[in-house]
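>>> only geometry, no sequence info:
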């Protein structure tokens, strides 16, 4: 076996990602501030036995209620003459200890329950989660009070109560993730590798849930410290003379008007701790959550950022075409600078013509298609050069509102999976009608009637009935027909279809291709068809352009390119498509294929 | 010679249980009365549309799902006996390769950790032997040995599928069920993976149940083809013969629908 390894060798990256998590956290100024405050508080609390403090429990009635900044009592003394600073430091120590232990206990038991429920599923899941629901149905403080009432007052019992009250948060969060993970293929694969259920939960699912547990813990620790203080405030937690922030507040309450500082001091400390932990917790969540990290929080701009170095003027050819793309360059901003995805792509599309843009994953065909109307998400996308001409006008010089009116108007898109592009909560009729009303000043009823007409045009059987169906009630093929109906809503001149049949079965694909062909001929539509499938290109396209790594390597009439490819990459791609009737000779042909000169199939 | 897989009147029904409220839930017959066999050393292709029950049938054959009724014999052993021996008994004789290679590899485990499980649990090899086997497996699927320390997200789709194949091979099974193993891959990568699968089958004397919706791919690798339609096997036959003269209505439609490069070469389409 001497077949070369085609794909590019990957570069190792884990070290870099681990660094960035920490840097991301520290870049968040609020989280960094929270981190420093809580670190300081924890340090002081840990060093309490070593610090030159008074004994927090020694009473001295002679020195009672000394004000702040008194000699030898910086924060004054309380009603029994005890040093407030000493009680504060020791009290913080106890509050932190109780809060954090409660969080750990709740996290441990809650996650365990969540993992078991999520992985087992079915009846076990139902039984456990209804139990958890019952626990959640009580107001938390009432439940904690009830637990302490049964166990008796005391710091340890308060800790148990708070841990129990918080178990549902962990159980529900973890159960949701574990449920999703337990249906993933790698769990099935682990079962086939001979792993037992316990081993799967511990070694396959737990590592994937761990970030969620950490996030939940970092956002609830502050809350639990507050709850501990609450129970102590009510006299159910720390018992005198032991100091803890809650009991200090409770004792200060009686003297709130004569000596406010006695309750203000522990109050400020509770505020500092809870605030800093919550800020840090939010920062940890933002840094760990992969969705937030990918920039989901930053809303994409309405039009891709345009920063063109060269702006070619449209020539005669471009002005005569329905759509002309000239030397288009689109890049993505990364930490290491601008990474070009489309490098100087040019093509034109005449009225009534179908141009196929073929390429493998990562070839830049979809980015090209999205760039036409500035739909590449920005950040990180930037259009760095070239021009797109529609009806003789340069699209990238238009105002945002003008580009907006082109979208879905003159130029319409059809995407790969209509289940993700259709809104699940509206009927398909409403969605087609909305597409009409976005561009035409028509009433609701009129738009609805037109929507039904459009559904009939795309050959959906019984369109009056089907218009009131929700996307999930339709088959994949019918959903894609709805997608096409929405594209047709405003009588576009140009349709850009991005892998519109890839998610469909072959028999359905054949029907959709036939429909597109008929619509194109009836309406004189220009069709830009993006696909990876040469068979589909052969079925529908007049001309074809082959893309690789952001460039068009070969373009021409479909019959010429497919029948007599010139570029070695095109030749290779076509040779790699098994042809019906070729049978086992196909693999023999692949074996004889010369090695590719460079990494070609990478990037998927 | 015994059949690698022999399935008789196999059915699988989802739902239909009585619940506490609301009576019986909706019943779906995913697989109905399927009978088929894969001979030792043979590649049987299973074609059909999404929802035709191909994957449900495959999951039952590898022991991930329990059939509602019917009989299965895997590598000459009754499935009930395999079930009785425990979940590892299935894994030793039959393995599964999933459609989406990235989803089938745990994102938080290195390739070493992924390959370690079957070598340790199914083959019971000691530490030294496992390391040697891992390097052999990487060589068999034509991946560099330094891939072992990497995480799945560092690989392209084709490379990830090679690793998934290596994991299946690690159990040293006699039979492999390949569920759309090349559908998620680019054409050039797809061709290389198909070639790899064919070479591995010869080298290790494996039997394949190859599930696909792509008829041209099926034709290039299979000896026989079974066509599934709404949970039933409607037609079985030698690959060449079935493609040349399909008998069932649905098979005919499937073959007619497949897009062909030759359409363009004819160049007779009206503009």
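Yes, it's here. Because the structure is a prediction, the values reported are computed rather than measured.
>>> Map the structural domains onto the sequence of chain A.
A:14-293, A:305-410+A:493-592, A:422-491 (automatic domain parsing).
>>> Check which helix or strand residue A:30 maps to.
In the assignment (DSSP states H and E), residue A:30 maps to helix A:29-46.
>>> Helix or strand next in line after that helix, which one?
Assignment by DSSP H and E places the next element after helix A:29-46 at helix A:84-120.
>>> helix/strand/coil for the residue of the stretch 451-600 of chain A found nearest chain B?
Ranking the residues of the stretch 451-600 of chain A by distance to chain B (CB to the nearest CB) places residue A:535 first, at 3.1 Å. Placement of C-beta: from N, CA and C, glycine included. Of the three states, residue A:535 takes helix under DSSP: H, G, I helix; E, B strand; the rest coil.
>>> Make CSV from the domains of chain A and add distance to residue B:98, mean pLDDT and mean neighbour count to it.
Shown next, in CSV, are the domains of chain A (distance: least, CB to CB, whole Å; pLDDT from 0 to 100; neighbours: other CB atoms under 10 Å in any protein chain shown):
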stretch, distance to residue B:98, mean pLDDT, mean neighbour count
domain A:14-293, 5, 87, 18
domain A:305-410+A:493-592, 18, 88, 19
domain A:422-491, 21, 90, 18
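>>> Can you tell me the element residue A:451 falls in?
helix A:444-457.
>>> contact partners of that helix?
Applying CB atoms under 8 Å, 6 or more residues apart in numbering or on different chains, the contact partners of helix A:444-457 are A:428-430, A:432-434, A:436-437, A:440, A:442, A:463-464, A:466-467, A:481-482, A:485-486, A:488-489, A:519.
>>> try stretch A:500-509
A:414-417, A:475-477, A:480, A:483-484, A:512-513, A:516, A:529, A:531-533, A:536, B:49-50, B:213-215, B:253-254, B:257-259.
>>> Which ones among the residues you listed lie within helices?
A:476-477, A:480, A:483-484, A:512-513, A:516, A:536, B:215, B:253-254, B:257 (DSSP state H).
>>> Do you have the strands of the chain handy? List them.
Just so you know, I chose chain A. With DSSP state E, the ranges of strands along chain A come out as A:305-306, A:323-334, A:337-349, A:354-358, A:381-390, A:393-394, A:411-414, A:494-498, A:526-531, A:543-548, A:551-557.
>>> oops, chain B please
B:3-15, B:27-39, B:43-47, B:69-74, B:77-78, B:94-97, B:175-179, B:207-212, B:224-229, B:232-238.
>>> Go ahead and flag the most central residue of chain B.
residue B:178 (1.9 Å; CA atoms, centre = their mean).
>>> pLDDT value on the closest residue to chain A within the stretch 51-200 of chain B, please?
Across the stretch 51-200 of chain B, the shortest distance to chain A (CB to the nearest CB) belongs to residue B:121, at 3.4 Å. Note for residue B:121: predicted pLDDT of 92.
>>> what about it, neighbour count?
20 (other CB atoms under 10 Å in any protein chain shown).
>>> Ok, residue A:420 next?
11.
>>> How about residues contacting stretch A:28-45?
Counting by CB under 8 Å, 6+ apart, A:25-26, A:51, A:89, A:92-93, A:96, A:269, A:272-273, A:275-284, A:286-287 sit against stretch A:28-45.
>>> Can you list which of those residues are found in helices?
Among the contacts of stretch A:28-45, the residues falling in helices (DSSP H) are A:25-26, A:89, A:92-93, A:96, A:269, A:272-273, A:275-284, A:286-287.
>>> neighbouring contacts of stretch A:510-527?
A:322-323, A:349-355, A:457-459, A:477, A:480-481, A:484, A:488, A:491-495, A:497, A:500-501, A:504, A:536, A:539-540, B:256-257, B:259.
>>> Retrieve the pLDDT associated with the residue nearest to the centre of chain B.
The predicted local confidence for residue B:178 is 94.
>>> which parts of the stretch 251-400 of chain A sit against chain B?
A:352, A:360-361 (CB under 8 Å from any CB of the partner chain).
>>> cutoff 7 Å now
A:360-361 (CB under 7 Å from any CB of the partner chain).
>>> Now the residue of the stretch 251-400 of chain A found nearest chain B: phi and psi?
Going by CB to the nearest CB, chain B is nearest to residue A:360 of the stretch 251-400 of chain A, at 3.9 Å. Here is the backbone geometry of residue A:360 (degrees, to the nearest 10): phi -90, psi 180.
>>> Could you list which of the contacts of helix A:444-457 belong to helices?
Using DSSP H, the subset of those located in helices is A:428-430, A:432-434, A:436-437, A:463-464, A:466, A:481-482, A:485-486, A:488, A:519.
>>> which one's the longest helix in chain B?
Every helix in chain B considered (DSSP H), the longest is helix B:187-204.
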